[in-house]
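S.K.: attaching a predicted model along with its sequence, questions to come.
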Amino acid sequence: MGHHRGRLLRQMAQTILALLIVSMPISVPFTDATCPSLPNIYPCRCRGFGDDGLSLRCEEVNIALLYSGIARLQSVAISRLDVVNATMRRLYGLMFNGLLIKNLTITRGNLRALSAEVLTPLNETLIDLNVRENDLDEVPVESLKPLNKLYSLDLSHNRIAAVPDNAFATLGRLFEINLSKNRIKKLAPKAFVGQNNLERLHLHFNEIATFDKNTFRNMRKLKYLDLTANSLDRIQKTDFQQLTGMWVLNVSQNHVAMIPRATFVTNTVLRVLNISYNALTEIDQNTVKGLRFLRDSYFRANRISRIDKKAFAAAKHVRTIDLAYNRLQDVPYEQFKEHQWLERLDLSHNNISRIATQAFSKMYQVHIDLSHNNLSFVGNKSFSEIANMTTLDLSHNLLSEMPNDAFSLSDCTTLKLMFNNFTDMNRIPIANLSSIKVLNVTHNRLMKIDRKAFTKKRLYELHTADFSHNNLSDIQGNPFEKFASLRFLNLSHNQIRKIGFSTFGNLPTLLELDISHNVITDVAHSGLSALGSVRLIHAQHNRIRKMFPIPIALNELHVENNDLQQIYPGTINVMNSLLRLYLDNNNLTNILPGAFDGLNALQELSLAGNNITEIPYEALEVMTAIQHLYLHNNSLTLVKKRDFDKFPTLLDLRLDQNRIWNITRDAFIGSIQLQRLNMSYNNMSELSPTALTGLVSLRVLDLSHNRLRGLQNKTHGLLDGLLSLEYLNVSSNVIGTITDKTFPRNPYVPYQLREVNMSSNYLSYVPSLRQPSLQRAHVLDLSNNLINQLERDAFTNLTDLRHLSLRRNDLRILRNGYLEVPKELLKLDLSHNRLSEFTPPEGTFSPNMTLLDLRHNNISRISVELFPLVKNRLRVFYADNPLHCECSLAWLVSFIQRNQQPQEAEQWTNTFCVSPVYLAGRAFSEIALEKLNCDGDPTEQATGDITFRFVQVGKKFIELQFYVSSRQDIGGFRVEIHSSVEAYLSYQAFMPYSTRFHRIPRDAIRTTHDVMVHTLCVLATDSENRTRTIASRHQCQMLHQAINGAESCWKTRSRHSVIMFAMAALICNWMHSLEAVIGHYYRLVVEAVTTLYGLKIILLKYK
């Protein structure tokens, strides 16, 4: 007996040791050069590693989960830790103890406070702290104090209302502070004490109205100060007086009406001054006085009506003056003179009506913008001695003429005169602009262009001339011959009637010509062919009746939307370089043999939108290099044998929108490279299996919108020879059945079919799709059919299927209430059917599934089996179903209210209840949990804050371990034991967020009965130490406790009923009595699970 007992004890010890070893967490060593495995940092993830250490990102975490993710990274260099969309309101404790973090970001959350000690462990490593886009209502002064090595601090996008004295006093190494987009109204006088090294300060988008004179005291290294969008109504002399090293000052979008004299006299090194979007009415000679190093000045969108001539006299090196969107009425004499470093002068969007003589003079390489004014007068020599205006923009004004000497001793690279009132090019003095490169005169009223229109001098630099959108009707005498380097000429959208032999002359450098959208009826024989260098001609949308000879170097010609009726042989030059020819939407009915002779190099031909009745085989056979042929939208009726056998390089063929009723055998026998064939919108009802023979390279086939009854005959399938087919569209036909020959079935051919569209047909039954050609399909669309029956394994063989659509069919019943689908399916659409039930068993769908559409059915209940997927962000669309809002939906109500993101709630806000009566018409997402009138706990299936790993009741202790299963704000835990007989609290203990294990001494549990049923619960507290309500029954377990302290002989799971626990208590009591009678002091623990009416009881078997 003793030997037997010893053997049993040894076996038990070995088993327990093995279990302990297996269950022990394995600490995987990781270095700075490797990312730790996901289990070691979950729910965070490693984004990479570099010389400075790991880069981690933790999304949608609470403080407890965040600790789990980083707790094992002590002494590991972390270059960056990003905590995004966190749910914690307060960050506290020694969260970062032992961590070596250099850059810490906590953003896009609802953080309200940082405890004083939480950042202390990072005082030796942290150099960048970013807490933007949270709910902080004050600067966390005490939390920041230890961070004496901090280089950058970002507290933007919070709710901070004030910055107190000495807020950053201990942070002497700060280079940048960002306090933008808060609610700051006041800066304390000593707010920035100690910031002797600060160089960048962001205070934009706050509510600051005034400054104390000592606010910026001793901040002599500050170079960048942004005060955009505050409430400043004035600037005082003392505001920036001590910022002697400031380079950039931005006070735009305030209410400043005046700048006092000598305000910036001490800011001598200021480079950029932005006072845009304020209420200034003038700029006098004292406004920027003393700013001799000023480079860029912005006064946009004020109320400025006057500028002193000496306003910018002190700023000799200014590069930018922006005065747009003000109230200036003119530019007086010598207003802008001798600004030799000026690069951009913007006077657009004012009320300027005149420019005086020498208003702009003695400048070099400047961009002047005078657009969107009321200019009607430009004085003599207005632009005088300007060596090179890079751009002069006079567009959107009222100019109809300019004096001949407007550009006296000046030059211009780009001249913009669009949207004015010019009627004659002689009124535009470009004679002196010898370096002009771009001339834009679009949207004027020009009537004609002749030899007198332009200067007699040759313009060697002009390469782009745009005369579109005018009233030009005639161009005579080669007026463009003086443009010696012209590359691009645009004459579109005019009223030009004819292109004569002298309209363009030679123009040896022209590359692109646009004469589209005119009323041209005739092109002279040499009207365009003489343009020997042109590569592209746009002649579409005219009235051209006859094809014209083309230039020898032409690559692309557009003659769409004209009145061509025939192309005669010999029209096109034998010697040409044409690659692309577009003849769409003309009046061609047949193409004569020889019409395209000479187009041996043509790669793309479009004859769409004509009235061609048969494929012009003889005319096309010369095109041995053709790759793209478009014959759609014609009147073709038949594709004959060998119509395309001479096109070995053809890649893309469009025959859609014709009247084709048949394709004869071997029609495509020579098109071995054809990859895309579109024959949709025709009249085909039946095709021979040999109709597509030879298309071994075909990848895309579109046969939609025909009258096809099937894709096979009795022995062969239409698709059998299409070895490379990837996309098949046979939608909108009259196909009634899918047979084993519909899709290729040769098991030895590696088919590539990826997408099949059979929507809008007459299918009523879907058999098991076992054809090998479908095994790699990703998309199968069977919508808009008459399907009322599915074979149970209809889709299970489509192992790569990702998207299945069965919408708008007649499905009423699914076998066993669900549909078997491939494990990798991501999107399933069952909307617009007549389903009354949808209850997929666990494991039916992939955990990665993203969309399930059940709209417009008769489903009254949402299956609880969908809960794991919904929790994993599956989007379920359920609108227009007769939803019964009863207790079985408690899991979903709870989940939506606790976890759903606002941007993902669409599928529930459009879902309404039909019963019970008091909830009818209510949006499902707005229903409170208590309205469901559940018996017992209505959240039994909802996600709890914690989930038990185990609860072990021993002789002296009760031990429990759990994990956090919610991403809501959880900052700690409270363990409670309640008496279910006397209803009082028997035990209570608090646990920090860093702990998941707890041991309860048996003698700490208060009890008054020999045998009592107790309830053990673990409640979560949020980061502000408020106890959260129990979210699930899984957070509690019921315990049996004997008064004599003997070991409890059973444990239960959370779904057991109270009756079962009472039965278990009686059984355990009886076993204890039996043990006392028999007198044995050892036992073997064996777990036997007995199921009776769905209840499980774990018993102890005694020996």
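M.R.: That came in fine, so what should we check first?
S.K.: name the nearest residue to residue 850, sequence neighbours excluded.
M.R.: Ranked by C-beta to C-beta, 6 or more residues apart in numbering and with sequence neighbours excluded, the top spatial neighbour of residue 850 is residue 826, at 5.2 Å. Where C-beta positions appear, they are placed from N, C-alpha and C, glycine not excepted.
S.K.: wait, the one you found sits on residue 800?
M.R.: No: counting by C-beta atoms under 8 Å, residue 826 stays clear of residue 800, with 11.1 Å between them.
S.K.: these two - which one has more neighbours?
M.R.: residue 826 (17 against 13; other C-beta atoms under 10 Å).
S.K.: got the contact list for that one?
M.R.: 802-803, 846, 848-851 (C-beta atoms under 8 Å, 6 or more residues apart in numbering).
S.K.: so what pLDDT did it get?
M.R.: Residue 826 carries a pLDDT score of 93 in this model.
S.K.: for it, grab phi and psi.
M.R.: phi -110, psi -30 (degrees, to the nearest 10).
S.K.: quickly note the distance from it to residue 806.
M.R.: 15 Å (C-beta to C-beta, to the nearest Å).
S.K.: re earlier: quick one, which of the contacts of residue 826 are buried?
M.R.: For the contacts of residue 826, a burial check counting by 16 or more other C-beta atoms under 10 Å picks out 802-803, 846, 849-850.
S.K.: please enumerate the strands of the stretch 851-1000 of the chain.
M.R.: 851-853, 875-877, 883-884, 913-915, 946-953, 957-964, 972-979, 985-992, 997-1001 (DSSP state E, counting those that start in this stretch).
S.K.: now the ones you listed in JSON lines, with distance to residue 1035 and mean pLDDT?
M.R.: Shown next, in JSON lines, are the strands of the stretch 851-1000 of the chain (distance: least, C-beta to C-beta, whole Å; pLDDT from 0 to 100):
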{"stretch": "strand 851-853", "distance to residue 1035": "29", "mean pLDDT": "91"}
{"stretch": "strand 875-877", "distance to residue 1035": "26", "mean pLDDT": "86"}
{"stretch": "strand 883-884", "distance to residue 1035": "28", "mean pLDDT": "87"}
{"stretch": "strand 913-915", "distance to residue 1035": "28", "mean pLDDT": "87"}
{"stretch": "strand 946-953", "distance to residue 1035": "6", "mean pLDDT": "88"}
{"stretch": "strand 957-964", "distance to residue 1035": "9", "mean pLDDT": "91"}
{"stretch": "strand 972-979", "distance to residue 1035": "10", "mean pLDDT": "89"}
{"stretch": "strand 985-992", "distance to residue 1035": "14", "mean pLDDT": "90"}
{"stretch": "strand 997-1001", "distance to residue 1035": "14", "mean pLDDT": "93"}
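S.K.: please parse this protein into its domains.
M.R.: As assigned by the TED database, the chain contains the domains 38-159, 425-547, 564-707, 738-754+763-869, 883-938, 946-1039.
S.K.: so what's the residue count around the residue nearest to residue 186 when sequence neighbours are not counted?
M.R.: Once flanking residues are discounted, residue 186 sits nearest to residue 162: 5.1 Å by C-beta to C-beta, 6+ apart. When neighbours are counted by other C-beta under 10 Å, residue 162 registers 16.
S.K.: I figured residue 162 hits residue 182, correct?
M.R.: No: in this structure, residue 162 is not within contact of residue 182 by C-beta under 8 Å, at 9.5 Å.
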